[in-house]
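In: model the following, please.
(one chain, ligands or ions: 1)
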Amino acid sequence: LPDSELLAGVRVVVTAGGTREPVDPVRYLGNRSSGKMGTALAHAASGYGAQVTLVTTVEPALEMHLERIVRVDTAAEMHDALRARLSETDLLLMAAAVADWQPAEPSPRKLKKHAGEWLLRLLPTPDILTALREEPARDGVFVVGFAAETEDLIDNARAKLQEKGLDLIVVNDVGRPDIGMGAEDNEVTVIDAGGIVARLERASKRRIAEQLLRIVADRLRR
Ligand code: CTP
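Out: Residues are numbered from 1 along each chain as shown. Below is the predicted model:
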């Protein structure tokens, strides 16, 4: 199969970037995710012939020829965007770094500075991948999760694969400054229910995206 047809006809949804949970109109809780891995996946999937929807918290830098770009901020918005598209999705690549906590009472007015300490109360966000398991439209969607870990990478990723009901999980070491969150390069291990599928050596996120999609395309054809 030529590269341009590896994912021909496959409807792909990719999430990218870190969610931003508002504190007030000017402040948010966020994380170091740059959206580069998700953007690279969207780009590569498009090059392999897929119909790609990118659900992103960051403006894609490149002029990308994607079917659709959906801008979201919060975990709740990302959840809604994915739910709305699930029945038209064959492959979900969940590269976004979703916040686990959100301010309990975001203020409609800018909070003023005051002396002394300030306690901010947080509530858990929905775990999007886990919540999607309740949706009948998820049946038949091939779901790839991404695990950001600093220790026990393989064991932690395998637990997430199980809990979130994933077909594959891609784990990277976010404790290393040269790869992963915010970096230009990545180095990942791909895991399925049977164990390690592949170790992808350090390379640009574009290269890693291409290698990952080849593994996924192979599985979609089986
Ligand atoms: N994820 C999600 N919803 C959340 C948090 C994470 O769908 N509220 C997804 C991420 O997009 C990723 C996978 O779950 O594909 C694993 O995310 P990660 O941050 O590594 O794990 P958490 O589930 O947040 O667990 P922990 O923070 O305890 O490691």
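In: adjacent strands (with direction) for the helix or strand containing I69?
Out: Per DSSP states H and E: I69 is located in strand 68-71. In the sheet containing strand 68-71, its partner strands are strand 51-56 (parallel), by DSSP bridges.
In: can you list contacts of the partner strand?
Out: 9-17, 35, 38-39, 42, 45-46, 60, 64, 66-72, 78, 81-82, 85, 89, 96 (CB atoms under 8 Å, 6 or more residues apart in numbering). C-beta: built from backbone N, CA, C; applies to glycine.
In: hmm, stretch 92-101 in reach of the ligand?
Out: Yes. Stretch 92-101 reaches the ligand (CB under 6 Å from any ligand atom) through 94, 96, 98, 100.
In: ditto for stretch 175-182
Out: No. Stretch 175-182 stays clear of the ligand (CB under 6 Å from any ligand atom), getting no nearer than 10.0 Å.
In: picking up where we left off before, restricted to strands, list the contacts of strand 51-56.
Out: Among the contacts of strand 51-56, the ones falling in strands (DSSP state E) are 11-16, 68-71.
In: check these and tell me the two furthest apart.
Out: R11 and R71 (19.5 Å; CB to CB).
In: which one of those two has more residues nearby?
Out: R11 (17 against 14; other CB atoms under 10 Å).
In: hey, what's the more buried one bridged with?
Out: Beta-bridge partners, per DSSP bridges, of R11: Q51.
In: just the pLDDT at it, thanks.
Out: We have a pLDDT of 98 for R11.
In: what's the answer for G182, then?
Out: Looking at G182, the pLDDT reads 88.
In: that one against G30, yeah?
Out: No. Contact criterion CB atoms under 8 Å: G182 and G30 do not qualify, at 11.7 Å.
In: quick one: the helices in this protein?
Out: For the chain, the helices defined by DSSP state H cover 36-47, 75-85, 128-132, 153-163, 205-221.
In: count of neighbours near K36?
Out: Counted with other CB under 10 Å, K36 comes out at 24.
In: ok, now which ones touch it?
Out: Contacts of K36 (CB under 8 Å, 6+ apart): 16, 182-184, 205.
In: separation between it and G195?
Out: 28 Å (CB to CB, to the nearest Å).
In: circling back: farthest pair within the residues of stretch 92-101 next to the ligand?
Out: Pairwise over the residues of stretch 92-101 next to the ligand, using CB to CB, the maximum falls at M94 and D100, 14.2 Å.
In: neighbour-wise, which of these two wins?
Out: M94 (24 against 15).
In: can you check the pLDDT for that one?
Out: Note for M94: predicted pLDDT of 98.
In: so what's it bridging to?
Out: Under the criterion used (DSSP bridges), M94 bridges to T15, G145.
In: still on that earlier bit, filter the ones in strands among the contacts of strand 51-56 down to the ones close to the ligand.
Out: Okay, of the ones in strands among the contacts of strand 51-56, nothing touches the ligand (CB under 6 Å from any ligand atom).
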